[in-house]
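Undergrad: For reference, the sequence and a predicted model appear below.
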Amino acid sequence: MSVAEVPWNRLERPQSGMLNTLSVGEEGVNRWFWIKTKSGEYGLAMRVSKKDENSIEGADLSSTKRLKGLKVGDKGSVYIGVVIGESELSTVFHRLCLDLIDSCSKLREPNETHAILRRRVRSWQRLFESGVNRLSLQQCLGLVSELSFLRDHWLLRQNGNGIHGWLGPLGRSQDFLSENESLAVEVKAYSPDDRTIKISSIQQLESTQDLYLACYPCTLSTEMKGTSLPEIIDTVRDKLSEKQEPFLDELLLAYGYVEEPYYQSMSFVVGEPTFYRVHSKFPRITPSTVSAAITKAQYVIDLEQISVFRCEPGSF
């Protein structure tokens, strides 16, 4: 969709009042509206009655330089939403808005919808403030591997915490954590032609939980014989409940992923993972094994030389 085709171009600035609105879908079916303000900012808002407003906790949304929370009363209703002023971001912003609407499509309680809106806006703000860029190939390989582990192993754990245990996108030291099980898992992608993995920090292989490595052979297919990133995401989504799906979208945003045709053009081949138990004898650099003067380090582990630490997925 080009800038000329986004819905806000059909809205004029309001001559009176605070907003001009354009319903998203049929009136009465949903509460979403495309909006434009007197200052020319544009965005998305949910409409709630005065009665429903009182039931919503913390109705105000946060604001940053590029993305502003908005709350406006008009003709007996209240519009709660988010606006942006930079036209070059309009197509990306429109895709994000459509994802949000879809995430809330089955919800009927304003409180539930507003909770998702607040979380999503915070994710958008982090994304826009850091810059909306496509993921690098290495980032794509890492995301493909983490999603594969999430789908094939983590979500199947009855005592785990499901989608909420995927913490890699949030910058935690390990990609997956279940405090209920005292379990942490770090996921790595590696090239079958170069069986090494990169450890990006001295914290990554140290945990108070039982720690495991899940290493996935993963490559970009030059013949489009594998699976695209959007297709892998869809297979994960199929395993989630309706209430869990919005959390997947928010974690993908935190990772820096915004769906676009570019990702359909990339195909990945993912092999079966190898698992390793990380304990006191495992070769690693950690805060407890190096001088306190060393605060950052990256290093590479040769998978061929740690075969003695291999284990089966059923062992954890």
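TA: Arrived safely, thanks for sending.
Undergrad: which stretches of this structure form strands?
TA: 19-23, 32-37, 42-49, 67-74, 77-84, 176-178, 183-190, 196-199, 210-221, 267-270, 274-278, 299-302, 310-311 (DSSP state E).
Undergrad: Contacts only, for Gln262.
TA: Quick fix: residue 262 reads Tyr, not Gln. The contact partners of Tyr262, by C-beta atoms under 8 Å, 6 or more residues apart in numbering, come to Arg134. Bear in mind the C-beta positions are built from the backbone N, C-alpha and C, glycine included.
Undergrad: what's the distance between it and Trp34?
TA: Counting by C-beta to C-beta, to the nearest Å, the gap from Tyr262 to Trp34 is 25 Å.
Undergrad: Also Gly73?
TA: 18 Å.
Undergrad: More neighbours: which of those two?
TA: Higher neighbour count among Gly73 and Trp34: Trp34, with 22 against 11, using other C-beta atoms under 10 Å.
Undergrad: who's in contact with that one?
TA: Contact partners of Trp34, counting by C-beta under 8 Å, 6+ apart, are 7-8, 10-11, 21-24, 42-44.
Undergrad: mind putting those in JSON lines, distance to Arg122 included?
TA: Below are the contacts of Trp34 laid out as JSON lines (distance: C-beta to C-beta, whole Å):
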{"residue": "Pro7", "distance to Arg122": "23"}
{"residue": "Trp8", "distance to Arg122": "22"}
{"residue": "Arg10", "distance to Arg122": "28"}
{"residue": "Leu11", "distance to Arg122": "26"}
{"residue": "Thr21", "distance to Arg122": "24"}
{"residue": "Leu22", "distance to Arg122": "25"}
{"residue": "Ser23", "distance to Arg122": "26"}
{"residue": "Val24", "distance to Arg122": "22"}
{"residue": "Tyr42", "distance to Arg122": "20"}
{"residue": "Gly43", "distance to Arg122": "15"}
{"residue": "Leu44", "distance to Arg122": "15"}
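Undergrad: Select from the residues you listed the one having the most neighbours.
TA: For the contacts of Trp34, neighbours were counted using other C-beta under 10 Å, and Leu44 has the most, 26 neighbours in all.
Undergrad: neighbours around the residue nearest to that one when sequence neighbours are not counted, how many?
TA: Residue nearest to Leu44 in three dimensions, not counting chain neighbours: Cys97, with 4.5 Å by C-beta to C-beta, 6 or more residues apart in numbering. The number of residues packed near Cys97 is 23, by other C-beta under 10 Å.
Undergrad: Could you report the distance from Cys97 to Leu67?
TA: 12 Å.
Undergrad: now do Ala115
TA: Distance, Ala115 to Leu67, using C-beta to C-beta: 18 Å.
Undergrad: Also Met224?
TA: Met224 is 36 Å from Leu67, by C-beta to C-beta.
Undergrad: And Ala184, by the same measure?
TA: Ala184 sits at a distance of 33 Å from Leu67 (criterion: C-beta to C-beta).
Undergrad: do the same with Pro14
TA: Using C-beta to C-beta, Pro14 is found at 21 Å from Leu67.
Undergrad: Neighbour count for the two, which is higher?
TA: Leu67 (26 against 15).
Undergrad: which residue packs closest to the more buried one, ignoring adjacent ones?
TA: Nearest to Leu67 is Gln125, by C-beta to C-beta, 6+ apart, at 4.8 Å.
Undergrad: State the distance from the one you found to Ile197.
TA: For Gln125 relative to Ile197 (C-beta to C-beta), the value is 33 Å.
Undergrad: Burial check on the residue nearest to Leu211 when sequence neighbours are not counted, number of neighbours?
TA: Excluding the flanking residues, the one nearest Leu211 by C-beta to C-beta, 6+ apart is Val278, at 4.2 Å. Val278 has 23 neighbouring residues, counting by other C-beta under 10 Å.
Undergrad: Val278 and Ile301 touch, don't they?
TA: No. Using C-beta atoms under 8 Å as the test, Val278 is too far from Ile301 to be in contact (10.4 Å).
Undergrad: Now for these two: what residues contact both?
TA: Arg284.
Undergrad: List the residues that contact Tyr276.
TA: Residues in contact with Tyr276 (C-beta under 8 Å, 6+ apart) are 212-213, 215, 282, 306, 309-311.
Undergrad: Tell me the pLDDT of it.
TA: According to the prediction, Tyr276 has pLDDT 97.
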